[in-house]
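Student: Just the structure for this:
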Amino acid sequence: MSKLVENAEKFVFDLFKNDLDQTFLYHNYTHTERVLRSLREILENSEVNKEDSEILELAVLFHDTGYTKLREGHEEESVKIASKFLKDNDASDDLIASVSECIMATKFKDTPKTKLGKIIRDADASHFGKKYFNEASEFLRKEMEIQGVCKFSPSEWLEENIKVLTEKHEFYTDYALKNWQRQKEENLAKLIKKKKKNKEKANKEKIKAKYKAQYKNESPERGIQTFYRVALRNHIKLSDIADTKANILLSVNAIIISLVLSNLMSKLDSPSNSYLIVPTLIFTVSSVVSMILSIIATRPNITSGEFTKEDVKNKKVNLTFFGNFHKMELSEYQWAISELLKDKDYVYSSLTKDLYFLGKVLDRKYRILRLTYTIFMAGMVISVIAFAVSFKAQHPKKDIKDVITKNEYKLNPKTSTKSSDSFYITA
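Tutor: As a prediction, the model looks like this:
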């Protein structure tokens, strides 16, 4: 590597680092390095003299520096930047002209005429014949999208890449044709395969959407199934809620009865507490009745669990409810289900029966629960009122002074007197 090329490499690196916009995801120093490696790969396997090699390396290093100024016409700007650098480094006019000519040869739309122009064009487009083609291609697409040059969808970009590889690009040097053309064809084959796969997938989705829309429009089956699914799920949820409410009442009343038995019942033996008998009885009876009704609301009904073949043939048995078949043998139940599935109307009839009887069970549960909550609420209110009335009847209103004197005496029998003033002094 000549000293001039080495200085140029450092200059271009600093230029890209300081002046190139970050939106250049493809046309950056990484791309320049890749092109330089590809160029040296060609030079090592071709008959190119030292002077021409230096020209090509300098042209490669500067061919995208114009992007630091503008995008359209960057080649001309690259020539200006390269010419200034070479003049500052005492390069000859012939060298500057040759480097400039090679830089202009990188215009993709033009066909290179000279040997050096063909070499630099192959080096600049070497990614078409490399394994990193897809990566570089995606960076280029994103760069143009970010900068607002043009926006391609993935499928459009796939089409564009196929078009470029088949119609717009070709390798010119013998080395590129021998070593990169095969990889280019493999890249093209992958693109075509991907296009075909995407097309098949799009066709499948289109057909699927078509039949789905047709099925949805022409057949009410989906709507019917959704109706039964939602209705049955809502009934089961309501049944769970009813059972939960009944369990809450059972737990609360069990706690109440436990407290009554442990605290109040032991005090009823005393004649002085006889006024508590009626309120306690009301309190206990209301809790016991609430518990009984809660148990009745959640108590399952026992069914026969059997059916006959005539019941199945006459569509009289509902096979969706376990209570109608839990005593039957497995083989008999399997036969009945197979008969059920043969007839769509029988299936819907069974689901309808299941839905209807679930509703009847819910009606019974919620009616009993409503009665239970009413009794529980009324029992609590009446019990509290009864306790208050009994307590009032047991302790009629007395003179305040007698009560104070009595209390003072109990507190301090030695120093107390019947005088209320004495109570205040003692207190």
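
Student: which residues in the stretch 101-250 of the chain form helices?
Tutor: 115-124, 133-146, 154-163, 174-179, 181-218, 221-259 (DSSP state H, counting those that start in this stretch).

Student: Also the stretch 251-400 of the chain?
Tutor: Taking DSSP H, counting those that start in this stretch as the criterion, the stretch 251-400 of the chain carries its helices at 277-298, 309-313, 330-342, 344-394, 400-411.

Student: Which residues does the third one contact?
Tutor: In other words, helix 330-342. 307, 312-313, 317, 319, 325, 328, 346-347, 350 (CB atoms under 8 Å, 6 or more residues apart in numbering). Heads up, the C-betas are built off the backbone N, CA and C, glycines and all.

Student: Also the second one?
Tutor: Residues from elsewhere that reach helix 309-313 (CB under 8 Å, 6+ apart): 316-317, 319, 335-336, 339-340.

Student: Let me know the closest of those residues to residue 158.
Tutor: Distance ranking of the contacts of helix 309-313 against residue 158, using CB to CB, places residue 340 first at 52.1 Å.

Student: Reformat the contacts of helix 330-342 as CSV; add distance to residue 18, pLDDT and neighbour count.
Tutor: Below are these laid out as CSV (distance: CB to CB, whole Å; pLDDT from 0 to 100; neighbours: other CB atoms under 10 Å):
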residue, distance to residue 18, pLDDT, neighbour count
307, 89, 75, 19
312, 87, 77, 19
313, 91, 78, 11
317, 87, 76, 22
319, 81, 74, 22
325, 84, 77, 22
328, 87, 82, 18
346, 82, 82, 15
347, 76, 83, 15
350, 79, 83, 19
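
Student: Show me which of those residues is closest to residue 236.
Tutor: residue 350 (16.2 Å).

Student: Adding distance to residue 378, write the contacts of helix 309-313 out as a markdown table.
Tutor: A markdown table is the format used below for these (distance: CB to CB, whole Å):
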| residue | distance to residue 378 |
| --- | --- |
| 316 | 44 |
| 317 | 43 |
| 319 | 44 |
| 335 | 54 |
| 336 | 49 |
| 339 | 52 |
| 340 | 48 |
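
Student: Would you mind listing which of those are buried?
Tutor: For these, a burial check counting by 16 or more other CB atoms under 10 Å picks out 317, 319, 336, 340.

Student: Neighbours of residue 291, how many?
Tutor: 21 (other CB atoms under 10 Å).

Student: hmm, I was thinking of residue 87
Tutor: Neighbours around residue 87, by other CB under 10 Å: 12.

Student: Also residue 95?
Tutor: Residue 95, neighbours per other CB under 10 Å, totals 16.

Student: How about residue 390?
Tutor: Other residues close to residue 390 by other CB under 10 Å number 18.

Student: now swap in residue 326 and tell me
Tutor: 12.

Student: Show me the residue at the heart of the chain, geometrically.
Tutor: residue 205 (22.9 Å; CA atoms, centre = their mean).

Student: how far away is that residue from residue 211?
Tutor: Going from residue 205 to residue 211 by CB to CB, to the nearest Å gives 11 Å.

Student: can you list the weak-confidence ranges in the stretch 301-427 of the chain?
Tutor: 302, 324, 395-427 (pLDDT under 70).

Student: what about 90?
Tutor: In the predicted model, the stretch 301-427 of the chain carries pLDDT under 90 at residues 301-365, 376, 379-380, 383-384, 386-427.

Student: With the stretch 1-150 of the chain instead?
Tutor: Those would be 1-2, 72, 108-111, 113, if you go by pLDDT under 90 across the stretch 1-150 of the chain.

Student: Excluding covalently adjacent residues, which one is nearest to residue 187?
Tutor: residue 133 (4.7 Å; CB to CB, 6 or more residues apart in numbering).

Student: Roughly how far does that neighbour sit from residue 139?
Tutor: 11 Å.

Student: now do residue 285
Tutor: With distances taken as CB to CB, residue 285 is found 85 Å from residue 139.

Student: more neighbours, those two?
Tutor: Shown here are residue 285 and residue 139; by other CB under 10 Å, residue 139 has more neighbours (19 against 13).

Student: what's the more buried one in contact with, if anything?
Tutor: Residue 139 neighbours (CB under 8 Å, 6+ apart): 25-26.

Student: cool, and residue 54?
Tutor: So residue 54 contacts 2, 4-5, 95 (CB under 8 Å, 6+ apart).

Student: try residue 104
Tutor: So residue 104 contacts 75-76, 79, 110 (CB under 8 Å, 6+ apart).

Student: again with residue 105
Tutor: 112, 114, 116-117, 120-121.

Student: give me that answer again for 10 Å
Tutor: 59, 63, 75, 111-114, 116-121, 124 (CB atoms under 10 Å, 6 or more residues apart in numbering).

Student: Residue 79 now?
Tutor: By CB under 10 Å, 6+ apart, the neighbours of residue 79 are 59, 62-63, 65-66, 96-97, 99-104.

Student: Perfect, that will be all.
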